[in-house]
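>>> Next one to model:
(chains A and B)
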Number of protein chains: 2
Amino acid sequence: MEEEKGEKGVILLDFWTSPFSQRLKIAMDEKNVEFECIEEDIPNNKSQLLLKSNPVYKKIPVLIHDGKPICESMVILRYIDEVWPHQAPLLPADPYSRAIASFWADFIDKKVYDLGTKIWMRSGEVHETAKKELLEVMKTLEGELGEKEFFGGDVFGFVDIALVSFYGWFPAYEIFAKFSFEEECPKIMAWAKRCVQRESVCKALPEPKKLYEYLLDLKKTYNLY
Amino acid sequence: MEEEKGEKGVILLDFWTSPFSQRLKIAMDEKNVEFECIEEDIPNNKSQLLLKSNPVYKKIPVLIHDGKPICESMVILRYIDEVWPHQAPLLPADPYSRAIASFWADFIDKKVYDLGTKIWMRSGEVHETAKKELLEVMKTLEGELGEKEFFGGDVFGFVDIALVSFYGWFPAYEIFAKFSFEEECPKIMAWAKRCVQRESVCKALPEPKKLYEYLLDLKKTYNLY
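Residues are numbered from 1 along each chain as shown, chains lettered A, B, ... in the order given. Sure thing, here's the model as predicted:
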């Protein structure tokens, strides 16, 4: 029986800069899930497939699995872990450890992207406050990491994926905000370097110089000075 | 062997107005979980137990289960469903339906409280925009509910709990924003009335007049006009 395109298999509606999308690539690579990436033309020429698949937010990433769309990266990440549970489980098995991992992934989601956006987009007091807060957030995460190899212990997992997807943006944050993550939170940097030794992570993250130049272009386009 | 207070059992650090706390009471009642409620003195006299249990946000609700704290209401709700799975399961069993329920619960969390707060706390353009957006959010939710009894179908579950916890606030939103939910989204109101027929929901929600007067007092205290 012939299938329409997209009716079977896994499709990721993607944009190369998106940490939220990179998370899903990392997770699916860890689990050896084959998927097709479709690069969207953001923000001005979104595909009909994206608009139809995510009518509420009209945003990437969207995962389309056997024709059924799932939206919001943390929802998708959990779905990936539930549908392909046997290789590289991302969440721990016991409910308390799962809750702790969910708490930290949610903390990262509530803080990092918004603060980072204020750092590269804004100036003056908003910029300065965001810089201070982002460093506090990173220090809080450093406290949670402690002396562990990964956030969950010895195994790369849910919280690692949630945070390392921002690592490609770190150099841009450093240039725009004039600080060094290495000086401010060396343990987080050591952890990040352990993470990027994994092929799944290394492959998924954008090239920092290309990302920085893309952000500079956006600032010019929208006259953000 | 004697146990220290709080070392065994379930404690909820609570505040009577909080929809986030009410969710957990509803869920535990549905599952016949016995718990002790400790009312916190918010915002000026938080207990040492709260500060120690939620050092990141210092906010209620916190669930302390056998001495171990869990924070953030949606994280806790999922934990409750995993630890006491046999009675009144809240999330559906299959991964796709779980993802859809998670998406809508997350949508509610991202929108309703913040918009509601702008409605009762703020005036002018911020107030007007929030009012318009809250009605759009409710209409989107009405679309998702459709002709179903509950968000998940025939059974009261995760999304119902996420949303119905705001029902106690609806009358206050209506008075502050001068609109009628009944006129704007009658299906949501019919759904809410089905929900409050459940003892778990009816018991958990605050008395609307008491809540409205509390918000009026807060507006006076902080001179929010």
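>>> pLDDT below threshold where in chain A?
A:1-6, A:225 (pLDDT under 70).
>>> And the helices in it?
Along chain A, the stretches classed as helices by DSSP state H are A:19-30, A:48-53, A:73-83, A:95-121, A:124-145, A:158-164, A:170-177, A:181-184, A:186-196, A:199-204, A:208-221.
>>> what's the closest of these to residue B:93?
Across those, residue B:93 has its closest neighbour in helix A:73-83 (10.3 Å, C-beta to C-beta). All C-beta atoms are positioned from the backbone trio N, CA, C, and that covers glycine.
>>> Let me have the helices of chain A in JSON lines, adding distance to residue B:88 as columns.
Formatted as JSON lines, these follow (distance: least, C-beta to C-beta, whole Å):
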{"stretch": "helix A:19-30", "distance to residue B:88": "31"}
{"stretch": "helix A:48-53", "distance to residue B:88": "32"}
{"stretch": "helix A:73-83", "distance to residue B:88": "21"}
{"stretch": "helix A:95-121", "distance to residue B:88": "16"}
{"stretch": "helix A:124-145", "distance to residue B:88": "33"}
{"stretch": "helix A:158-164", "distance to residue B:88": "26"}
{"stretch": "helix A:170-177", "distance to residue B:88": "44"}
{"stretch": "helix A:181-184", "distance to residue B:88": "46"}
{"stretch": "helix A:186-196", "distance to residue B:88": "39"}
{"stretch": "helix A:199-204", "distance to residue B:88": "38"}
{"stretch": "helix A:208-221", "distance to residue B:88": "47"}
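>>> Point out the residues in chain A that sit beside chain B.
Proximity of chain A to chain B, by C-beta under 8 Å from any C-beta of the partner chain, involves residues A:56, A:65, A:68, A:70-72, A:74-76, A:78-79, A:82-83, A:95-96, A:98-100, A:102-103, A:106-107, A:140.
>>> for the helices of chain A, which one ends up most surrounded?
helix A:158-164 (a mean of 26; mean count of other C-beta atoms under 10 Å in any protein chain shown).
>>> Now do the domain split for chain A, please.
A:10-83, A:95-221 (automatic domain parsing).
>>> As a markdown table, these with distance to residue B:208 would be great.
Shown next, in a markdown table, are these (distance: least, C-beta to C-beta, whole Å):
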| stretch | distance to residue B:208 |
| --- | --- |
| domain A:10-83 | 29 |
| domain A:95-221 | 30 |
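>>> and of the helices of chain A, who's closest to residue B:225?
helix A:124-145 (25.7 Å).
>>> relative orientation of the closest one and helix A:186-196 in degrees?
70 degrees (axes from the mean of the first three to the mean of the last three C-alpha atoms, to 10 degrees).
>>> and helix A:124-145, what other elements does it pack with?
Packing partners of helix A:124-145 (3 or more C-beta pairs under 8 Å, 6 or more residues apart in numbering or on different chains; DSSP states H and E): helix A:95-121, helix A:170-177, helix A:181-184, helix A:186-196.
>>> Looking at those helices, which is nearest to residue A:158?
Of the helices and strands packed on helix A:124-145, the one closest to residue A:158 (C-beta to C-beta) turns out to be helix A:95-121, at 4.6 Å.
>>> other SSEs contacting the closest one?
Using 3+ C-beta pairs under 8 Å, 6+ apart, helix A:95-121 sits against helix A:73-83, helix A:124-145, helix A:158-164, helix A:170-177, helix A:208-221, strand B:68-71, helix B:73-83.
>>> what's the offset of that helix from the middle of its chain?
Relative to the centre of its chain, helix A:95-121 is centred 10 Å away, using C-alpha atoms, centre = their mean, to the nearest Å.
>>> how big is the angle separating it from helix A:124-145?
Going by the same axes, to 10 degrees, helix A:95-121 makes 150 degrees with helix A:124-145.
>>> Isn't residue A:36 up against residue A:14?
No. Taking C-beta atoms under 8 Å as the definition, residue A:36 is not a contact partner of residue A:14, at 9.7 Å.
>>> quick one, which of these two is more surrounded?
Using other C-beta atoms under 10 Å in any protein chain shown, the more surrounded residue of residue A:36 and residue A:14 is residue A:14, with 23 against 12.
>>> for that one, which residues make a bridge with it?
residue A:39 (DSSP bridges).
>>> contacting residues for it?
Applying C-beta atoms under 8 Å, 6 or more residues apart in numbering or on different chains, we find residue A:14 in contact with A:21, A:25, A:37-40, A:60-61.
>>> Then residue A:210?
Contacts of residue A:210 (C-beta under 8 Å, 6+ apart): none.
>>> State the distance from it to chain B.
30 Å (C-beta to the nearest C-beta, to the nearest Å).
>>> ditto for residue A:91
Residue A:91 is 11 Å from chain B, where distance means C-beta to the nearest C-beta.
>>> mind putting the helices and strands packed on helix A:95-121 in CSV, distance to residue B:151 included?
Below are the helices and strands packed on helix A:95-121 laid out as CSV (distance: least, C-beta to C-beta, whole Å):
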stretch, distance to residue B:151
helix A:73-83, 15
helix A:124-145, 33
helix A:158-164, 26
helix A:170-177, 39
helix A:208-221, 38
strand B:68-71, 24
helix B:73-83, 14
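>>> so which of those gets nearest residue B:153?
helix B:73-83 (16.7 Å).
>>> Give me the contacts around the closest one.
Defining contact as C-beta under 8 Å, 6+ apart, one finds that helix B:73-83 is touched by A:95-96, A:98-99, A:102-103, A:106, B:20-21, B:23-24, B:27-28, B:31, B:33, B:61, B:63, B:65, B:70, B:89-91, B:105-106, B:109, B:158, B:161-162.
>>> try 7 Å this time
A:95, A:98-99, A:102-103, A:106, B:20, B:23-24, B:27-28, B:31, B:61, B:63, B:70, B:89-91, B:105, B:109, B:161 (C-beta atoms under 7 Å, 6 or more residues apart in numbering or on different chains).
>>> Taking helix A:95-121 as reference, get the angle to it.
Between the axes of helix B:73-83 and helix A:95-121, defined by the same axes, to 10 degrees, the angle is 160 degrees.
>>> Tabulate the CA atom coordinates of helix B:73-83 in PDB.
Below are the C-alpha coordinates for helix B:73-83, written out as PDB (Å, rounded to 0.1, in the frame of the first residue of the first chain):
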ATOM      1  CA  SER B  73       2.800  22.200  40.400                       C
ATOM      2  CA  MET B  74       2.900  20.400  37.000                       C
ATOM      3  CA  VAL B  75       6.000  18.500  38.100                       C
ATOM      4  CA  ILE B  76       4.200  17.500  41.300                       C
ATOM      5  CA  LEU B  77       1.000  16.600  39.400                       C
ATOM      6  CA  ARG B  78       2.900  14.200  37.200                       C
ATOM      7  CA  TYR B  79       4.700  12.800  40.300                       C
ATOM      8  CA  ILE B  80       1.400  12.200  42.100                       C
ATOM      9  CA  ASP B  81       0.100  10.300  39.000                       C
ATOM     10  CA  GLU B  82       3.300   8.200  38.800                       C
ATOM     11  CA  VAL B  83       3.500   7.300  42.500                       C
END
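>>> Fine by me, we can end here.
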